[in-house]
Structures are given as structure tokens and as C-alpha cells.
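In: here's a sequence, model it:
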Amino acid sequence: MNTGSFIIRGRPGLLTIVIAPIACVILSFTTPVAARALDCDLYHGSDPVRHPIAIYETAPMLGGVADVEELIFDPRYGFEGRPPPAFDPPQSSVLFEIDIATGLPRLDRSQQSIQGGEYMTLLVLGNAPGALATSLTAIVGAPVSEPLAPPSFRTTGESLAGYELVSVARQDDSAVERLQVGVDRAEDGRITSILSCDRRGVVPNPTCSVREEADRLQLKTTFLRDHLDEMDRIRNRAADFAACLFEH
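Out: Here you go, the predicted model:
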């Protein structure tokens with residue numbers, strides 16, 4: 001169990017999260033924000049569940065063996081107020097819904113309410129090497145390597161919500177027509193975050209998803225595109241919750 005620090009890494013000025021034994025302090029996110037302490041008791045409740053999750057040190061498709069760690073949260077965040085079932089071996093993902101305005105997970109949910117616009121879904125996955133590159137491959141329908149390099153990866157010169165919009169060689173037609181895809185990268189070219197959004201007018205109720213690394217986790221946050229101008233808030237909400245999932 002990690003009792004030291006929990007860090008989400010990105011380019012300088014984007015996001016740094018540090019969990020100390022007593023408090024978690026958000027230092028900066030895209031634009032400077034006031035440092036704030038997190039009260040993890042808000043997410044744990046009076047009788048928190050300890051839910052096992054599989055975290056891979058090497059890619060599963062290469063025969064990677066999972067470590068099993070425990071996520072700590074209020075069991076009422078599960079479907080219909082029940083904690084997620086614990087499988088043997090443990091699964092590598094857990095789904096939550098979080099109120100965009102308050103940052104608090106939804107209690108006793110009986111159905112996903114993202115289309116109502118009030119909530120965002122947060123899929124927490126046990127991370128594995130190359131997971132974000134694999135996610136980008138799945139989004140655009142073409143193989144993507146990590147670190148990214150031409151010719152498999154090109155920027156369009158445009159941006160969306162602070163992400164570099166990208167095009168990928170042999171991108172399948174359906175993705176071209178339906179999606180806008182952007183990336184945020186570290187100085188060494190490694191992907192740190194992926195944004196994918198339905199284009200307006202192509203599908204009803206277009207949504208966006210953000211994928212980013214969070215120490216041993218990958219977070220996938222999905223919300224209505226109408227909330228794209230609240231990107232900083234949405235990413236902070238997801239990061240706050242994830243920061244309290246491990247015991248510290």
C-alpha cells in the first residue's frame with residue numbers, strides 16, 4: 001500500500017497533486033488556483049469499503065502480472081447503493097458518478113445520469129505501461145506508439161480546451177467524421193492526457209472524454225460537451241476523488 005505520495009504528472013503548469021500523510025494539496029492546474037486541502041473523509045464516509053483493483057506493472061497483452069491494491073471509498077457510491085462486487089481475480093476498473101458542481105460522488109445511483117448534464121462519469125482503471133497510447137489507438141482506429149513520433153502522430157495546428165488536436169495516419173472514416181481528438185504531452189513526448197469529443201451536429205447529446213494517468217491509475221472522465229468550458233473544474237474533481245482512493 002502506498003503511504004507516501006500520489007502524483008499526476010503533466011507538463012509544467014498543468015497539474016501536480018501531492019498526497020501527504022495528513023492532507024492533499026493541489027498546487028496548480030492549467031491556470032493558477034489557490035492551494036486547498038482535501039478532506040478525504042467526505043469520500044470515505046463513516047464505514048468505507050476497501051475494494052480490490054488489479055494494477056499491471058507490464059502490459060497485460062504481454063503477459064503482465066497484476067498487483068492487487070485496495071481503493072477506499074463510501075460503499076454507497078456503488079450501483080443502487082451497493083459496493084462493487086469483488087471478483088477473484090480482481091477486475092481492473094471501477095465506475096463512479098460525480099457531481100460537476102460540488103465534486104461529490106452520486107449516492108445510491110440506479111442509472112447513469114450523464115445525459116442530464118449534472119454529473120460526469122469517472123471510470124477508474126488500474127494503469128499499465130502504454131495504456132494511454134493504447135487508448136488513443138482505440139479511439140482513432142490506427143496503431144499509435146509511445147512515445148509518439150511521426151508519421152503515426154501529427155498535430156493539426158489547432159487546439160480544443162487546451163489540448164493539441166491530432167490526426168493519425170489511416171484514421172478510420174467513422175472516427176474522422178465523429179470525433180475531435182486532442183493530446184497533452186510531457187516534454188519527452190509521452191502522452192499524459194487524451195481528450196476525445198463528439199463533433200456537434202453529428203450525434204445527439206455529444207459527449208467528451210478525458211483520459212489521464214494518475215500514479216498507478218488511469219482516469220476516464222466523461223461528460224456532456226456543453227461542459228467543455230469547465231474542463232479545469234472537471235479534471236480537478238476527478239483528481240480530487242482519485243487522490244483519496246488510496247490510504248495515506
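In: let me know the average pLDDT across the helix ranked longest in the chain.
Out: Identified as the longest helix of the chain according to DSSP state H is helix 231-243. For helix 231-243, mean pLDDT rounds to 92.
In: from the contact counts, what lies against it?
Out: Applying 3 or more C-beta pairs under 8 Å, 6 or more residues apart in numbering; DSSP states H and E, we find helix 231-243 packed against strand 15-19, strand 24-29, strand 93-99, strand 119-126, strand 207-214, strand 217-224. For glycine as for every other residue, the C-beta is placed from the backbone atoms N, C-alpha and C.
In: and of these, who's closest to Ser196?
Out: strand 207-214 (5.2 Å; C-beta to C-beta).
In: what segments of this structure are helices?
Out: 41-44, 131-140, 173-178, 231-243.
In: closest to Ser196 out of these?
Out: Using C-beta to C-beta, these put helix 131-140 closest to Ser196, at 5.1 Å.
In: other SSEs contacting the closest one?
Out: Contacts defined by 3+ C-beta pairs under 8 Å, 6+ apart place helix 131-140 against strand 179-185, strand 191-198, strand 207-214, strand 217-224.
In: what sits against the closest residue to Phe96 other than its chain neighbours?
Out: Computed as C-beta to C-beta, 6 or more residues apart in numbering, the closest residue to Phe96 that is not its neighbour in sequence is Leu122, at 4.7 Å. Contacts for Leu122 (C-beta atoms under 8 Å, 6 or more residues apart in numbering) come out as Leu95, Phe96, Glu97, Ile98, Leu219, Lys220, Thr221, Ala238, Phe241, Ala242.
In: pull the number of nearby residues for Ser46.
Out: By other C-beta atoms under 10 Å, 6 other residues sit near Ser46.
In: and if you look at Ala133?
Out: Per other C-beta under 10 Å, the neighbour tally for Ala133 reads 20.
In: you'd agree it is up against Thr192?
Out: No. Ala133 is not in contact with Thr192 according to C-beta atoms under 8 Å; the separation is 11.3 Å.
In: now Leu104: how far from Asp240?
Out: According to C-beta to C-beta, to the nearest Å, Leu104 stands 10 Å off from Asp240.
In: which one's more surrounded, those two?
Out: Neighbour totals were compared for Leu104 and Asp240, and Asp240 leads with 21 against 15 (other C-beta under 10 Å).
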